[in-house]
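Engineer: Sharing a sequence plus its predicted fold:
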Amino acid sequence: MLSPGCHGAPPSSPLALEKSDPSLLAEVRKYGVFNARGCFNCGSCTIDCDLATDRASFPRRAMQSVVLGLKDSVRQSLDPWLCHDCGDCSVTCPREAKPRESMATLRRYLMAEYDWTGLSRRICRSPAWEIAALSSVAVLMLALIILYHLYVVQLAPSAFTTMSMGLEHMFNRIVYFTLAVYLIPAFLIASHAARMLSLTMRRDPHAAIPLKFYLAEAKTMFLQSVSHAQILKCPATTHRRRWAMHWLLAFGCVLMFVIKFFFLKWFQTDNIYPIYNPQRWLGYLGAACLVLGSLDILIERARKQKLVYAQSGLRGLLLPVLLLLTALSGMAVHVLRYIGLGLGAHYAYAVHLMIVVPMLLVEVPFGGSSHVIYRPLALYFAAVKERALEAETTLEEKIA
């Protein structure tokens with residue numbers, strides 16, 4: 001079956017016809033709720049959304065593309081990432097078709113399409129698989145900690161319960177371990193982003209988007225990553241508070257990443273610094289941002305329980321829970337060290353690693369949390385496409 005493309009291509013264009021895949025709807029539904037039957041294509045959701053435009057008419061167009069089986073159009077679309085999950089579309093839908101949930105499901109489907117390893121496909125389809133993957137890495141981390149102390153540090157088993165020790169014996173090695181834990185997901189995310197680029201920016205090979213447009217719009221990705229300004233376009237006043245708390249959480253994550261990746265030897269040490277030392281205050285600032293930001297998300301989810309649908313509620317809670325536990329366990333290590341309980345600090349640090357490492361190796365590159373990477377990229381790619389289209393229109397007008 002041939003169906004008209006949904007990206008505004010003229011009938012004479014090779015992009016105007018697309019083969020329909022009748023299995024697409026069933027495939028997308030494996031990633032969560034996709035209420036296609038409830039939607040009768042009235043367009044109320046798109047009209048109500050302040051982020052939707054003529055060229056990005058979501059959620060309506062994205063949902064109809066799935067219903068029509070336009071797999072290539074769905075995979076090439078940036079629309080699901082331009083949605084900021086405010087939920088206004090679900091409130092205004094006269095059929096209560098919950099387009100917000102459908103868009104979240106579609107994003108999980110696209111995450112799996114970008115991932116070449118196949119792990120996202122399993123994790124995004126099944127919360128149980130996601131929990132199992134996180135738990136497996138946590139258990140592996142615990143085993144590595146035990147083996148390290150027994151065979152590298154060569155401690156007697158009795159030392160695990162009776163010896164008060166510092167952390168200096170692991171600091172040199174933990175630097176290299178930390179670099180590996182950061183670089184592995186960075187490589188995976190970069191490879192997923194490259195696949196996203198190849199899928200969403202695919203065009204006629206004779207009309208490829210010039211590199212100068214990518215360079216000209218590079219600032220868009222940086223500004224969106226730093227400011228999250230797109231959320232502010234949502235009209236409700238509650239979205240401004242949502243923007244503020246998301247920005248706070250993102251700032252805390254970036255601050256802790258910079259500290260742990262570039263200044264780990266200075267930050268992670270057995271030296272006891274005075275209260276006025278910047279080493280302590282930077283750590284306190286990062287921890288406070290993580291605690292406040294993650295708690296705000298969890299509290300809002302609890303207040304708006306009706307909007308947190310059964311299939312995506314657990315997935316939406318995983319990242320804030322992990323970030324909160326990361327901050328609390330790190331604070332526990334700090335407090336125990338400063339009051340002189342070295343053995344307790346050891347156990348707290350083991351728990352800290354069992355939370356952080358699975359989050360970085362599983363949740364960030366493969367779980368629903370990867371949307372924090374894909375959204376700025378999508379806004380960047382959309383800006384590049386817009387600039388290229390404007391250049392083509394200007395050229396056509398000059399020729400005419």
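Structural biologist: Nice, I can see it.
Engineer: By mean pLDDT, flag the weakest helix or strand of the protein.
Structural biologist: Taking mean pLDDT, DSSP states H and E as the measure, the chain has strand 2-4 as its least confident helix or strand, at a mean of 40.
Engineer: Give the next helix or strand downstream of that one.
Structural biologist: Reading on from strand 2-4 to the C-terminus, the next helix or strand found by DSSP states H and E is strand 17-19.
Engineer: Not counting its own residues, what contacts the helix or strand just after that following strand?
Structural biologist: On the C-terminal side of strand 17-19, the nearest following helix or strand under DSSP H and E is helix 24-29. When contacts are taken as Cβ atoms under 8 Å, 6 or more residues apart in numbering, the neighbours of helix 24-29 outside the stretch itself are Phe34, Ala36, Val66, Val67, Gly69, Leu70, Lys71, Val74, Thr105, Leu106, Tyr109. Bear in mind the C-beta positions are built from the backbone N, C-alpha and C, glycine included.
Engineer: State the mean pLDDT of the helix or strand that helix 24-29 is followed by.
Structural biologist: Once helix 24-29 ends, the next helix or strand along the chain (criterion: DSSP H and E) is helix 44-48. Computed over helix 44-48, the mean pLDDT rounds to 86.
Engineer: in helix 44-48, what's buried?
Structural biologist: Buried positions in helix 44-48, judged by neighbour count with 16 or more other Cβ atoms under 10 Å: Ser44, Cys45, Thr46, Asp48.
Engineer: Can you give me the domain assignment for the protein?
Structural biologist: As recorded under automatic domain parsing, the domains making up the chain are 2-114, 125-383.
Engineer: Surely Ser57 touches Ile47?
Structural biologist: No: using Cβ atoms under 8 Å, Ser57 is not in contact with Ile47; the gap is 9.4 Å.
Engineer: And the helices in the stretch 301-400 of the chain?
Structural biologist: For the stretch 301-400 of the chain, the helices defined by DSSP state H, counting those that start in this stretch occupy 310-338, 342-358, 364-366, 371-399.
Engineer: same for the last one, what does it pack against?
Structural biologist: Same thing as helix 371-399. Contact here means 3 or more Cβ pairs under 8 Å, 6 or more residues apart in numbering; DSSP states H and E; on that basis helix 371-399 packs against helix 79-82, helix 99-114, helix 168-200, helix 211-216, helix 218-227.
Engineer: Just want the angle from that helix to helix 218-227.
Structural biologist: For helix 371-399 against helix 218-227, the angle by axes from the mean of the first three to the mean of the last three Cα atoms, to 10 degrees is 150 degrees.
Engineer: Equivalent analysis for the second one, please.
Structural biologist: Between the axes of helix 342-358 and helix 218-227, defined by the same axes, to 10 degrees, the angle is 140 degrees.
Engineer: Can you list the buried residues in helix 342-358?
Structural biologist: Buried residues in helix 342-358, counted by 16+ other Cβ under 10 Å: 344-346, 348-358.
Engineer: ok, those vs Glu96, which is closest?
Structural biologist: Proximity of the buried residues of helix 342-358 to Glu96 was ranked by Cβ to Cβ; the top entry is Pro358 with 36.6 Å.
Engineer: What does the pLDDT read for that closest one?
Structural biologist: Predicted confidence (pLDDT) at Pro358: the value is 96.
Engineer: Repeat that for the one 5 residues further on.
Structural biologist: We note a pLDDT of 92 for Glu363 in this prediction.
Engineer: what about it, distance to Ala138?
Structural biologist: When Cβ to Cβ, to the nearest Å is the yardstick, Glu363 and Ala138 sit 12 Å from each other.
Engineer: quick one: which of those two has more around it?
Structural biologist: Glu363 (23 against 19; other Cβ atoms under 10 Å).
Engineer: I figured the more buried one hits Ser369, correct?
Structural biologist: Yes: counting by Cβ under 8 Å, a contact exists between Glu363 and Ser369, whose distance comes to 5.0 Å.
Engineer: Overlap in contacts, these two.
Structural biologist: By Cβ under 8 Å, 6+ apart, the residues touching both Glu363 and Ser369 are Leu318, Leu319.
Engineer: which one of the buried residues of helix 44-48 sits closest to Val384?
Structural biologist: Set against Val384, the nearest of those by Cβ to Cβ is Thr46 (23.0 Å).
Engineer: contacting residues around the closest one?
Structural biologist: If a contact means Cβ under 8 Å, 6+ apart, then Thr46 has Ala52, Ser57, Phe58, Pro59, Arg60, Arg61, Cys89 as its contacts.
Engineer: Recalculate using a threshold of 7 Å.
Structural biologist: Taking Cβ atoms under 7 Å, 6 or more residues apart in numbering as the definition of contact, the neighbours of Thr46 are Ala52, Ser57, Phe58, Pro59, Arg60.
Engineer: Tell me the one among the residues you listed nearest to Leu199.
Structural biologist: Leu199 lies nearest to Phe58 out of those, by Cβ to Cβ, at 17.1 Å.
Engineer: Got phi/psi on that closest one?
Structural biologist: Torsion angles at Phe58 (phi, psi; degrees, to the nearest 10) stand at phi -90, psi 160.
Engineer: same thing with Asp50?
Structural biologist: Torsion angles at Asp50 (phi, psi; degrees, to the nearest 10) stand at phi -80, psi -10.
Engineer: My understanding was that it contacts Leu232; is that so?
Structural biologist: No: with contact taken as Cβ atoms under 7 Å, Asp50 and Leu232 are classed as non-touching, separated by 10.0 Å.
Engineer: and which of the contacts of helix 24-29 is nearest Gly118?
Structural biologist: For the contacts of helix 24-29, the closest approach to Gly118 (Cβ to Cβ) belongs to Tyr109, at 13.8 Å.
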